[in-house]
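Colleague: Whatever this is, show me its structure:
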Amino acid sequence: MLRLSRIMSLVGDHFIADTMKLQCEVEVINRMLPTFGMRNRGKGNRAVLSIGKHHDRSIKNNSPTIHLLICTLKDKAGCKYKADVNNLKNFLSTLRLAHRGSEIDTIPLSNLAPVKTAEVEKPKAKMVITSRKDYPLTTNFPYSLEFLQVSYCKLARVDMRMLYLRKLRKLDLSNNHIHKLPATIGDLSCLSELVLHNNHLETFSITLCSSTLQKSLQFLDLSHNRLHALPIQFCQLRELIHLKLDDNELLRLPYRIGQLTKLRFFSAARNKLPYLPCDFQKLCLENVDLFGNLFEQPSPLAPLIQLQIPMTLLEIAARATINYRIAYGPHILPAHLCQDLDLTKTCLCRRPCLNSFIQVVVNLNLHQVSHTVVLVDNMGGTEAPILCYFCSLTCYSEFLDRYHQRNR
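Modeller: Next comes the predicted model:
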């Protein structure tokens, strides 16, 4: 990769403030040459150094960035180099004072000295720590990190220093002893992958579900923990593509799991799930693995009937609110009513019901929701029990008619 190494010398008074151009001698060093057994020329070229905005037209709606442009007699079109904005500001401020003829003693200049290795090295983007003895205790993690793995270090909690890594895209804290996740993980706005495999987690914070992770998190591995359930709000993480929940103690899946419309890979093998939520049939997956759960036998002819005849005013209002997509929230309705509306069930006829419904457990062939299905049991089955709801006797009767026709 090419880097602007140094400006050999300024020539006269040729700094032009309006166009941000500097006539000078420039040496450009290719740091990859030594790996091929080659040397740089070690000689500067007469050039014009310009500073300006650059639009990358290959990226739609891309905002301009500041670049350095080096033009020589042989290359009048020039080569562009992306500039660090903060360093450039300091450089230009000092250069401007010198251009105005300020006394040297009044210009905030330090004595020339060799640079430190860290100043010329490429910012570190990846760090992998797999031993407790290698864990940094007296130094901070590099702020430039985009990938951080800390495994087998017996961490009991997430190190708060990790939460200042604003460029972090993948955080792997697998194989530790973490019991709880801090809400401030949700401040990592670039985080797209979070791996928490083989820890001691018992809950997943509701706060994380409403954080910036809603827009960034695509891969989440919570396998081999101690989770019994996930909050209803978990389904607000709608950018999720890959979700791993294997080897926990889950008794149920998030009620609104069908809202994870981008989910393509889902596994919850070896849990204690008795059945799947009704919303599960809304998913469109590439791969699903539900092997080794305690699935109950379906009983479509043994319904749980909780019909209210006539319906209560609350039931009518709740159904109308969902049917007509009326906005609601704690600023409009009492909190307990909002929670009820969040738990509204959906009949097979797609109409909502709240407290007046008929509930049955039926079999769902998982091929209806996924292209590839890992066998549910050792018998080669690909069906799993799923909760179904009916908003009226009419809907349930129509279901029974179809059920009897299939089983004749």
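Colleague: For the stretch 101-250 of the chain, just list every one of the helices.
Modeller: For the stretch 101-250 of the chain, the helices defined by DSSP state H, counting those that start in this stretch occupy 117-120, 206-209, 213-216.
Colleague: So which other helices or strands are in contact with the helix or strand encompassing residue 23?
Modeller: Per DSSP states H and E, residue 23 falls inside strand 21-30. Judged by 3 or more C-beta pairs under 8 Å, 6 or more residues apart in numbering; DSSP states H and E, the packing partners of strand 21-30 are strand 2-16, strand 45-54, strand 65-72. Bear in mind the C-beta positions are built from the backbone N, C-alpha and C, glycine included.
Colleague: Hey, what's the angle from it to strand 45-54? Just curious.
Modeller: With axes from the mean of the first three to the mean of the last three C-alpha atoms, to 10 degrees as the basis, strand 21-30 and strand 45-54 are set at 100 degrees to each other.
Colleague: pLDDT (mean, whole number) over strand 21-30?
Modeller: For strand 21-30, mean pLDDT is 73.
Colleague: for the most centrally placed residue in the chain, what are its contacts?
Modeller: Nearest to the geometric centre of the chain sits residue 217, at 1.7 Å (C-alpha atoms, centre = their mean). Neighbouring residues of residue 217 by C-beta atoms under 8 Å, 6 or more residues apart in numbering: 191, 192, 193, 194, 237, 239, 240.
Colleague: Repeat that for residue 205.
Modeller: Taking C-beta under 8 Å, 6+ apart as the criterion, residue 205 is in contact with 180, 181, 183.
Colleague: from the residues you listed, which single one is nearest residue 163?
Modeller: The closest of the contacts of residue 205 to residue 163 turns out to be residue 183 (C-beta to C-beta; 9.9 Å).
Colleague: The residue lying closest to that closest one once chain neighbours are set aside: how many residues sit nearby?
Modeller: Nearest residue to residue 183, sequence neighbours excluded (C-beta to C-beta, 6 or more residues apart in numbering): residue 207, at 3.9 Å. Each residue near residue 207 was counted by other C-beta atoms under 10 Å, and the total is 16.
Colleague: Please apply the same query to the one 3 residues further on.
Modeller: As a burial measure, the neighbour count of residue 210 was computed by other C-beta under 10 Å and equals 14.
Colleague: phi, psi of the closest residue to residue 177 other than its chain neighbours?
Modeller: In this structure, residue 177 finds its nearest non-sequential neighbour in residue 156, 5.0 Å apart by C-beta to C-beta, 6+ apart. Backbone torsions for residue 156, taken as degrees, to the nearest 10, come to phi -90, psi -20.
Colleague: Residue 293 now?
Modeller: Torsion angles, degrees, to the nearest 10, at residue 293: phi -100, psi 170.
Colleague: need the contact list for it.
Modeller: Residue 293 makes contacts with 268, 269, 270, 271, 272, 273, 274, 376, 384, as judged by C-beta under 8 Å, 6+ apart.
Colleague: that older thread, rank the helices of the stretch 101-250 of the chain by pLDDT, which is bottom?
Modeller: Lowest mean pLDDT within the helices of the stretch 101-250 of the chain: helix 117-120, a mean of 56.
Colleague: Point out where this protein drops to low pLDDT.
Modeller: By pLDDT under 70, the low-scoring segments of the chain are 1-20, 30-43, 55-63, 85, 88, 92, 94-95, 97-121, 408.
Colleague: Break it down into its structural domains.
Modeller: For the chain, the structural domains run 2-110, 126-272, 304-368+381-406, going by automatic domain parsing.
Colleague: need these in CSV with distance to residue 289, can you?
Modeller: Rendered in CSV, the data for these read as follows (distance: least, C-beta to C-beta, whole Å):
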stretch, distance to residue 289
domain 2-110, 37
domain 126-272, 4
domain 304-368+381-406, 10
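Colleague: Among these, single out whichever gets nearest to residue 291.
Modeller: Of all the domains of the chain, it is domain 126-272 that lies closest to residue 291, at 4.5 Å by C-beta to C-beta.
Colleague: In this structure residue 214 contacts residue 239, no?
Modeller: Yes. Between residue 214 and residue 239 there is a contact at 7.0 Å, judged by C-beta atoms under 8 Å.
Colleague: Generate a markdown table for the contacts of residue 293, with secondary structure, neighbour count and distance to residue 27 as supplementary columns.
Modeller: Output for the contacts of residue 293, formatted as a markdown table (DSSP: H, G, I helix; E, B strand; the rest coil; neighbours: other C-beta atoms under 10 Å; distance: C-beta to C-beta, whole Å):
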| residue | secondary structure | neighbour count | distance to residue 27 |
| --- | --- | --- | --- |
| 268 | coil | 23 | 59 |
| 269 | coil | 19 | 59 |
| 270 | coil | 19 | 61 |
| 271 | coil | 21 | 62 |
| 272 | coil | 14 | 67 |
| 273 | coil | 23 | 65 |
| 274 | coil | 13 | 71 |
| 376 | coil | 21 | 66 |
| 384 | strand | 22 | 67 |
